[in-house]
Structure formats: C-alpha cells, structure tokens
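for reference, the sequence and a predicted model appear below.
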Amino acid sequence: MTAVDELTAALELTRAALDEANRRRTVAEADSAALTRINHGLAGERDRLADQLDIAHAACDRLTRHTRQWRQVADGLACENRDLRAQRDRALTTSQQLRVGILTTRETTGADR
C-alpha cells in the first residue's frame, strides 16, 4: 500500500466519521427540537392545570363560606325552635292551670258545664 492509498483510506475513514457525526448531530437537533416542543406543551399544560387549581380553590372557598352561612342559619333556627318550644310549654302549663282554675271555680260555685 502506498502513501497515497493510506491517505485515501484515512480520508475515507475521516469522511465516514464526519458523516456519522453529522447524522448524530442531526438526530440530536431533532431530539432537541422535539424536547423543546414537548417542554412548551408541558408549560402550557402546567399553566392550564394551575388555572384549574385556582378555580378549584375559589370554589372550595365559596363552598366553605356558604357552609358557614348555612350553619349560622341552622344555629339561629335551632335557637328559635328552643324558644318556641319553651313558649309552647309555658302556654300548655298556663292552659292547664286555667282549666284547673275553671274546674275549681265551677265546683265551688256549683255551676254546670
């Protein structure tokens, strides 16, 4: 093998190595572009999910407020209910006392029903 043949073989090997390096670079660039697109897509998805989370937090806060308001209404109604029962019980006691008084009066006066 002559020096020219050796140089030609070395040149062929170098070209093959350069071709492989260029192919790998092209693949790497395509991968990088794909990863960039994926990253942009993920950023959009992250923003969308953050918006949904904000909406869910607002709804939870609103429901908590409404629950608190309804609990206050229920507490007020329970208090009113207790007061009304106490009034009813007093009215029943007064009514019974009046009946006893009427019966006693009738008995003492001898009046018929």
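The structure has been received and is ready for your questions.

report all helices and strands that the helix or strand harbouring Asp5 contacts.
With elements taken from DSSP states H and E, the one containing Asp5 is helix 3-109. Here helix 3-109 is seen to pack against no other helix or strand when contacts are counted using 3 or more C-beta pairs under 8 Å, 6 or more residues apart in numbering; DSSP states H and E. C-betas here are computed from N, CA, C, even on glycine.

just for the protein, where's the confidence low?
Low-confidence segments of the chain, defined by pLDDT under 70, span residues 111-113.

hmm, 90 instead?
Along the chain, the model assigns pLDDT under 90 to residues 1, 3-7, 10-11, 13, 41, 106-107, 109-113.

closest to the centroid, which residue in it?
Compute the mean C-alpha point of the chain, and by C-alpha atoms, centre = their mean the closest residue is Ala56, 4.1 Å away.

so how far is Ala59 from Ala78?
28 Å (C-beta to C-beta, to the nearest Å).

go on, Leu7?
When Leu7 is compared with Ala59 (using C-beta to C-beta), they lie 76 Å apart.

cool, and Gly76?
Using C-beta to C-beta, one obtains 26 Å as the distance from Gly76 to Ala59.

how many neighbours does Ile102 have?
Residues within reach of Ile102, counting by other C-beta atoms under 10 Å, total 12.

what's Thr2 sitting at in phi/psi?
Main-chain dihedrals, Thr2, degrees, to the nearest 10: phi -90, psi 170.

that one: neighbouring residues, count only.
The burial metric for Thr2, expressed as a neighbour count using other C-beta under 10 Å, is 7.

repeat that for the one 10 residues further on.
Taking other C-beta under 10 Å as the criterion, the count of residues near Glu12 is 10.
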